[in-house]
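Participant: model this:
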Amino acid sequence: MSIFGNFSGDFSHTIQWYSRYNNDYHSEGGAIIATHHPLLNDLVLDRQGGQVLYLVLAEHIGAQIHAGTLRAGSRLPALRTIAQQLQLNLTTVTRAFKVLRDQGLIISRVGSGSIVARRPLETGADNYSSAPLLGGVLDLTVNRPPSAAFSQALSALLPRLSEDERYATLQDYYPPEGADWLREAISNWLLSSQVVARARPEHIIVTYGAQHALACVLRALCQAGDTVLADQITYQGVMTLCQSMKLSLHGVPMDQGGMSPAALEAACQIQRPKAIILIPTLHNPTANTLSPARRQTLAEIARRHKIPIIEDDVYHSLHDNPGPSLTSFAPQLNYYIGGFSKCVAPGLRIGFVLTPPGRTARVGSALRVDAWCVSPLNMLIAAHLLETGTLHTIIAHQKAELSARQTLLTEQLSDCDISTYHSSTHAWLKLPTPWTTATFVSTARIRGVAVLGSDMFALTPETNVQAVRLNVGAPRSRDDLVRALNILRDILRSAGGRLAGAF
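Facilitator: Sure, this is the predicted structure:
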């Protein structure tokens with residue numbers, strides 16, 4: 001149906017395509033008609049179900065931006081095109097676009113239409129939650145521990161913290177490597193946990209979390225333009241960090257056991273990387289744990305090529321028997337990164353790096369540029385938790401709560417293809433055909449559940465799989481988790497991977 005009527009004259013016997021707001025219109029046989037934009041093909045609005053239509057439209061477009069279907073700089077269809085295609089009032093579409101502008105997802109200019117905004121780099125990328133969530137959404141995107149054990153321990157500790165003789169030094173600067181007493185406490189914890197064979201305090205640097213540790217190590221090892229290897233599916237923090245440092249990040253193919261040794265061998269020969277980033281325990285996002293044999297094989301390949309492995313092992317303490325660290329096979333070369341955000345509390349902001357001998361000062365210099373040193377107050381709290389054994393108690397509570405939530409997950413989604421571990425913070429749900437990641441994420445958000453799609457973790461589009469990450473620790477209660485899982489289960493059982501199946 002023409003929205004402008006028929007033209008006569010020179011246009012009557014021609015087909016002329018032209019662009020207006022990303023090919024919203026074309027002329028054909030003398031008539032100008034609106035094209036159907038593929039962005040909206042899967043959106044079916046329930047006009048009788050009490051939906052707030054402009055919010056549903058805003059959620060749908062926002063989910064496409066979050067999923068990467070609409071990339072930064074992409075031009076959105078004109079408001080009138082959307083209104084006609086969806087048979088909506090123009091005011092409704094205008095209100096939806098205002099929501100997207102308020103969320104910082106799009107930029108609109110008079111006479112130029114609307115484009116997708118460039119999203120800022122997520123430094124805390126693992127906790128990144130797409131567009132701001134509208135009220136009432138159950139969030140399964142944040143990878144955090146669920147228990148309140150840390151808050152309870154902190155409440156008991158703070159009133160007597162000033163009794164510690166180290167308290168008087170909290171107003172002073174500390175060396176960039178961190179307080180000696182915390183480095184010693186971390187060393188003892190690593191050795192007692194049998195994480196590594198050797199962990200001398202002087203080789204440990206305290207950081208503001210594991211992401212900060214990764215940044216310091218990469219700056220110590222790499223320069224702009226250097227190549228870094230990682231799993232072809234990995235957590236977002238690796239991508240955004242390498243992008244911010246202008247490093248070339250290449251994905252290494254994976255198999256059921258994790259990073260493929262043959263693929264790593266080939267990548268080391270061809271790419272000549274400066275570092276290899278691996279998450280060996282409860283891999284984010286797939287929840288896979290490398291076997292001891294696979295760890296040794298990958299470590300030997302890296303050692304033979306003299307390429308350091310940066311071992312991001314923040315989930316180690318949540319696993320019952322993860323096996324030896326990769327660093328144990330090459331302590332003279334590899335960097336071991338740990339932290340307490342996933343097993344204790346992200347608010348503690350304490351991570352650390354165990355460096356090879358002779359490399360501590362270089363990593364410490366990188367930290368000095370950022371912050372000079374980690375907050376002494378945070379360090380003293382962490383030291384108390386380690387020295388008194390309270391940290392072990394907190395982790396035990398976290399594992400117990402995570403295990404209970406993982407049981408709920410497997411019960412509610414018993415007939416689904418899920419990769420997980422009984423005390424993991426997250427699970428990897430592979431979507432059944434014909435669901436696609438973008439459609440499932442969009443449907444879930446409209447139904448009130450936020451999940452992260454696999455396209456957020458794939459280094460290249462061709463390595464993407466149809467899957468989503470579910471964070472069982474994110475909901476504030478088990479009841480909220482069950483509500484979210486029930487919604488996801490209903491969506492998975494609905495009609496054939498279309499948004500219409502959700503209504």
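
Participant: What residue spans form the domains of this structure?
Facilitator: Taking automatic domain parsing as the reference, the chain has its domains at 2-35, 40-116, 125-147+393-502, 177-389.

Participant: I'd like the distance from the longest one to the chain centre, please.
Facilitator: The reference is to domain 177-389. Averaged C-alpha coordinates place domain 177-389 at 17 Å from its chain's average position (CA atoms, centre = their mean, to the nearest Å).

Participant: what does the second one give?
Facilitator: Remark: domain 40-116 is offset 25 Å from the chain centroid, using CA atoms, centre = their mean.

Participant: One more: the third one?
Facilitator: Here domain 125-147+393-502 shows a centroid-to-chain-centroid distance of 12 Å under the convention CA atoms, centre = their mean.

Participant: Show the average pLDDT along it.
Facilitator: Averaged across domain 125-147+393-502, pLDDT comes to 85.

Participant: ditto for the shortest one
Facilitator: In this model, domain 2-35 has an average pLDDT of 33.

Participant: residue contacts, residue 93?
Facilitator: Listed by CB atoms under 8 Å, 6 or more residues apart in numbering, the contact partners of residue 93 are 54, 57, 79, 82, 83, 86. (Glycine included, C-beta is placed from N, CA and C.)

Participant: can you give me the helices for the stretch 301-450 of the chain?
Facilitator: For the stretch 301-450 of the chain, helices defined by DSSP state H, counting those that start in this stretch occupy the ranges 360-371, 376-387, 390-412, 437-446.

Participant: Quickly compare these and say which is most buried.
Facilitator: When neighbours are counted by mean count of other CB atoms under 10 Å, the highest per-stretch mean among the helices of the stretch 301-450 of the chain falls to helix 437-446, a mean of 24.

Participant: Columns distance to residue 153 on top of the domains of the chain, output as JSON lines?
Facilitator: Putting the domains of the chain into JSON lines (distance: least, CB to CB, whole Å) gives the following:
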{"stretch": "domain 2-35", "distance to residue 153": "54"}
{"stretch": "domain 40-116", "distance to residue 153": "35"}
{"stretch": "domain 125-147+393-502", "distance to residue 153": "6"}
{"stretch": "domain 177-389", "distance to residue 153": "7"}
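
Participant: out of these, nearest to residue 159?
Facilitator: Residue 159 lies closest, by CB to CB, to one member of the domains of the chain: domain 177-389, at 12.4 Å.

Participant: And for residue 89, the neighbour number?
Facilitator: Burial of residue 89, expressed as a neighbour count using other CB atoms under 10 Å, amounts to 12.

Participant: That should have said residue 86, apologies.
Facilitator: The number of residues near residue 86, taken as other CB under 10 Å, comes to 18.

Participant: Could you verify my assumption that it touches residue 45?
Facilitator: Yes: Residue 86 is in contact with residue 45 according to CB atoms under 8 Å; the separation is 6.4 Å.

Participant: overlap in contacts of the two?
Facilitator: The overlap between the contact sets of residue 86 and residue 45 (CB under 8 Å, 6+ apart) consists of residue 57.

Participant: before we move on, back to that, so which of the helices of the stretch 301-450 of the chain gets nearest residue 97?
Facilitator: Each of those was scored for nearness to residue 97 using CB to CB, and the closest is helix 437-446 (17.2 Å).

Participant: Which stretches in the stretch 1-150 of the chain count as helices?
Facilitator: Along the stretch 1-150 of the chain, the segments classed as helices by DSSP H, counting those that start in this stretch run 53-67, 79-86, 90-102, 149-157.

Participant: Using PDB, write out every CA atom in the longest one.
Facilitator: As requested, C-alpha coordinates have been extracted for helix 53-67 and formatted as PDB (Å, rounded to 0.1, in the frame of the first residue of the first chain):
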ATOM      1  CA  LEU A  53       3.400  -1.000  23.600                       C
ATOM      2  CA  TYR A  54       6.100   1.700  23.500                       C
ATOM      3  CA  LEU A  55       8.100  -0.100  26.200                       C
ATOM      4  CA  VAL A  56       7.800  -3.500  24.300                       C
ATOM      5  CA  LEU A  57       9.100  -1.800  21.200                       C
ATOM      6  CA  ALA A  58      11.900  -0.100  23.100                       C
ATOM      7  CA  GLU A  59      12.900  -3.400  24.700                       C
ATOM      8  CA  HIS A  60      12.900  -5.200  21.300                       C
ATOM      9  CA  ILE A  61      15.200  -2.600  19.600                       C
ATOM     10  CA  GLY A  62      17.400  -2.300  22.700                       C
ATOM     11  CA  ALA A  63      17.800  -6.100  22.800                       C
ATOM     12  CA  GLN A  64      19.000  -6.000  19.100                       C
ATOM     13  CA  ILE A  65      21.500  -3.300  20.000                       C
ATOM     14  CA  HIS A  66      22.700  -5.300  23.000                       C
ATOM     15  CA  ALA A  67      23.000  -8.500  21.000                       C
END
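
Participant: quick one, it and helix 90-102 angle?
Facilitator: What separates the directions of helix 53-67 and helix 90-102 is an angle of 40 degrees, with axes from the mean of the first three to the mean of the last three CA atoms, to 10 degrees.

Participant: Report how many residues lie close to the closest residue to residue 371 other than its chain neighbours.
Facilitator: Taking CB to CB, 6 or more residues apart in numbering as the measure, residue 371 lies nearest to residue 208, with 6.6 Å between them; neighbours along the chain are not counted. Residue 208 has 21 neighbours, counted by other CB under 10 Å.

Participant: With residue 83 instead?
Facilitator: The burial count assigned to residue 83 is 18, neighbours taken as other CB under 10 Å.

Participant: what's the answer for the one 5 residues further on, then?
Facilitator: Residues near residue 88, counting by other CB under 10 Å, number 19.

Participant: how much space between the residue lying closest to residue 324 once chain neighbours are set aside and residue 100?
Facilitator: Spatial nearest neighbour of residue 324, excluding adjacent residues (CB to CB, 6+ apart): residue 292 at 6.0 Å. Relative to residue 100, residue 292 is positioned 49 Å away (CB to CB, to the nearest Å).

Participant: Over to residue 478?
Facilitator: With distances defined as CB to CB, the gap from residue 478 to residue 100 amounts to 33 Å.

Participant: before we move on, what about residue 318?
Facilitator: Shown here: residue 318 relative to residue 100, a distance of 37 Å by CB to CB.
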